[in-house]
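Participant: quick one, fold the following:
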Amino acid sequence: MLDVRRLRLLRELSIRGTLAEVAEALQYSPSSVSQQLALLEKEVGVELLRKTGRRVQLTPQAEVLVAHTAQLLETMEQAEADLAASLTTVTGTVRIAVFQSAALALMPDTLTRMAARYPEVRIEMIQREPETALHETWARDFDLVIAEQYPGHAAPRYPELDKVKLTTDAIRLAVPPPSPGRPAIRSLADTAELSWVMEPRGAASRHWAEQACRSEGFEPDVRFETADLQAQARLIESGNAVALMPDLVWTGRGTTAQLLELPGKPHRTIFTSVRRSSAQRPAILAARETLAAAAAAVATDDAG
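Facilitator: I've put the predicted structure just below:
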């Protein structure tokens, strides 16, 4: 009988690439990971790892085991979900990865509602960029991810993860408040000579914003780069930059910035993903239900 814990170490190595990263992710020592994988090789009787410089490479036989391990872990997670569903009390821990604007706009209300209705569920939250968080949820670092998708841009897809729409928010041109001597800005084209603030390269929002500017016939002068949307808001409000901002950024705070509609009134989609094998776990169902209620409350407040 093969040891499931050792099989999981092999799968983690296929995902993370080095023994050190596996050890860090699972809170083992690198030497312990190496010893356990050596024991797994003895159990199966074939070579599983080959050294390539300072790294190790999985053999074809190891890849076969990794594929079966993924199926095995899904089956075990489904069994855990079914067992939890048979209980009368919703308990357990839900590890949530969330990007900044959703963390600010949705999580405080979600946590308050969860504490009141599901007091025996522990919520752990870590801020992550959506693209990274989807991969980490697939890799089992998180149980649930709140992610985003910009118009015309597909978020990374993992067959093992589901996708449930949470809400949408409008994307608008955010410009400084009116000021004597400052030219009026009425459209995206009027910002061609102005300073822009955007998220770092590689972010979906950055690519979408650059394409929106190029469609208006200019390359944005990106002088300021930060993933912190609150910092972006301050730069806009202080008259130092313009940006394309989703409405969720302004939830719970007023702004002196002018928010201008864009052609076609584009919207960002916010969704949640979990591993399909854990989707029916009561604690995850409770977290999703509560997130949906918090998002609906925000939408109602914005409409009002």
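Participant: just the element for Asp169, please.
Facilitator: Using DSSP states H and E, Asp169 falls within strand 164-175.
Participant: check Thr290 too.
Facilitator: Counting by DSSP H and E, Thr290 is part of helix 282-303.
Participant: who does the strand holding Asp169 touch, helix- and strand-wise?
Facilitator: Judged by 3 or more Cβ pairs under 8 Å, 6 or more residues apart in numbering; DSSP states H and E, the packing partners of strand 164-175 are helix 229-237, strand 243-246, strand 258-260, strand 267-274, helix 282-303. From N, CA and C alone the C-beta is placed, and that goes for glycine too.
Participant: deepest-packed of these, please.
Facilitator: strand 243-246 (a mean of 25; mean count of other Cβ atoms under 10 Å).
Participant: per-residue confidence averaged over it?
Facilitator: Average pLDDT, strand 243-246: 96.
Participant: adjacent strands (with direction) for that strand?
Facilitator: Taking DSSP bridges as the criterion, strand 243-246 pairs within the sheet with strand 164-175 (antiparallel).
Participant: tell me the helix or strand right after the partner strand.
Facilitator: Next element after strand 164-175 (DSSP H and E): strand 195-198.
Participant: ok and the helix holding Thr290 relative to strand 267-274, angle-wise?
Facilitator: 170 degrees (axes from the mean of the first three to the mean of the last three Cα atoms, to 10 degrees).
Participant: need the CA coordinates for helix 282-303. PDB is fine.
Facilitator: Only the C-alpha atoms of helix 282-303 are listed here, as PDB (Å, rounded to 0.1, in the frame of the first residue of the first chain):
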ATOM      1  CA  PRO A 282     -20.800  23.000   4.400                       C
ATOM      2  CA  ALA A 283     -18.300  25.600   5.600                       C
ATOM      3  CA  ILE A 284     -17.400  26.600   2.000                       C
ATOM      4  CA  LEU A 285     -21.100  26.700   1.100                       C
ATOM      5  CA  ALA A 286     -21.700  29.000   4.100                       C
ATOM      6  CA  ALA A 287     -18.800  31.300   3.100                       C
ATOM      7  CA  ARG A 288     -20.100  31.500  -0.500                       C
ATOM      8  CA  GLU A 289     -23.600  32.200   0.700                       C
ATOM      9  CA  THR A 290     -22.400  34.900   3.000                       C
ATOM     10  CA  LEU A 291     -20.100  36.500   0.400                       C
ATOM     11  CA  ALA A 292     -23.100  36.700  -2.000                       C
ATOM     12  CA  ALA A 293     -25.100  38.500   0.700                       C
ATOM     13  CA  ALA A 294     -22.400  41.000   1.300                       C
ATOM     14  CA  ALA A 295     -22.000  41.600  -2.400                       C
ATOM     15  CA  ALA A 296     -25.700  42.100  -2.800                       C
ATOM     16  CA  ALA A 297     -25.700  44.600   0.100                       C
ATOM     17  CA  VAL A 298     -22.900  46.600  -1.600                       C
ATOM     18  CA  ALA A 299     -24.900  46.600  -4.900                       C
ATOM     19  CA  THR A 300     -28.000  47.800  -3.100                       C
ATOM     20  CA  ASP A 301     -26.100  50.600  -1.400                       C
ATOM     21  CA  ASP A 302     -24.500  51.700  -4.700                       C
ATOM     22  CA  ALA A 303     -27.900  51.700  -6.400                       C
END
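Participant: who's in contact with that helix?
Facilitator: Outside helix 282-303, the residues within contact range by Cβ atoms under 8 Å, 6 or more residues apart in numbering are 84-85, 87, 90-94, 96, 105-107, 109-110, 113-114, 117-118, 121, 123, 143-144, 146, 164, 166-167, 247-248, 251, 270, 272, 274, 278-279.
Participant: with stretch 70-79 instead?
Facilitator: By Cβ under 8 Å, 6+ apart, stretch 70-79 touches 4, 7-8, 11, 140, 160, 275-278.
Participant: where are the low-confidence patches of the chain?
Facilitator: Applying pLDDT under 70 to the chain picks out residues 301-304.
Participant: which residues touch the residue nearest the centre of it?
Facilitator: By Cα atoms, centre = their mean, the chain has its centre lying nearest to Pro130, at 2.8 Å. Residues counted as contacts of Pro130 (Cβ under 8 Å, 6+ apart) are 99, 145-148, 155, 204.
Participant: how far away is Ala105 from Pro30?
Facilitator: 40 Å (Cβ to Cβ, to the nearest Å).
Participant: which one's more surrounded, these two?
Facilitator: Comparing Ala105 with Pro30 by other Cβ atoms under 10 Å, the one with more neighbours is Ala105, at 25 against 14.
Participant: show me the contacts for the more buried one.
Facilitator: With Cβ under 8 Å, 6+ apart, Ala105 has these contacts: 248-249, 251-252, 298.
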